[in-house]
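>>> I'd like to go over a predicted model; first the sequence, then the structure.
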Amino acid sequence: MQAGDEAALGQLLDRYARLVLGIGYRILRDPGEAQELVQDVFLHVYHKSRLFDPQRGTFRSWLIRITCHRALNRREHLNLRRFYDERNLDDFVEVFEAAADLEYQADLGRCEKALQEAFKDLSENQRKTLELYFFEGYTLREISERQNESLANIRHYYYRALDRLRASAELNSLKGK
């Protein structure tokens, strides 16, 4: 793909679209938004393929980082526009179950275990900030108000925690976990 071969994009799409779609479902909680994310991610990968460096990790880990980053940005965009206010997660249970297969579940289990281990290495403030942000859907400003901390401190906890998780994920991908 770095040489401009468009057929390579099709092969990557065939191989990794379900992975990107699964991550999209888990983060965005909307099937339509997750499908849009797949298109967005692969278009981005096609245009930015020259930035991929195999010395820094596998294509899969690079793709997952891009997917998570773009999905989280999209989720924050949707949260700010109150997209999720009228949504009920129970409406999407069948979608989650239909998208799941054994390989995906195995990958998810390995990732979850690695993430739990990485979370143990975070400080309490970092862990709480990430939990409120990613799992409860609060913005950093809302977290600062809720925790009675300055926004600067919350940002510090957030970005330091992400750096530590990123370093842990890169270490695990180098180890082949």
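Happy to help now that I have it. Small disclaimer: the values here were computed from a predicted structure and weren't measured.

>>> rest of the way, CA atoms for contacts and neighbours
Fine.

>>> so how far is stretch 60-70 from its chain's centroid?
Mean C-alpha position of stretch 60-70 versus that of the full chain (Cα atoms, centre = their mean, to the nearest Å) differs by 7 Å.

>>> can you mark which positions in it are buried?
Within stretch 60-70, the residues that count as buried by 16 or more other Cα atoms under 10 Å are 62-64, 66-68, 70.

>>> make a markdown table out of the residues you listed and add pLDDT.
Below are the buried residues of stretch 60-70 laid out as a markdown table (pLDDT from 0 to 100):
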| residue | pLDDT |
| --- | --- |
| 62 | 84 |
| 63 | 87 |
| 64 | 88 |
| 66 | 90 |
| 67 | 90 |
| 68 | 89 |
| 70 | 89 |
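
>>> in helices, which of these fall?
62-64, 66-68, 70 (DSSP state H).

>>> pull the residues that contact the helix or strand where residue 23 lies.
Assessed by DSSP states H and E, residue 23 sits inside helix 6-28. Outside helix 6-28, the residues that touch it by Cα atoms under 8 Å, 6 or more residues apart in numbering are 1, 31, 33-35, 37-38, 41-42, 46, 60, 64, 67-68, 71-72, 74-75, 96, 99-100, 104.
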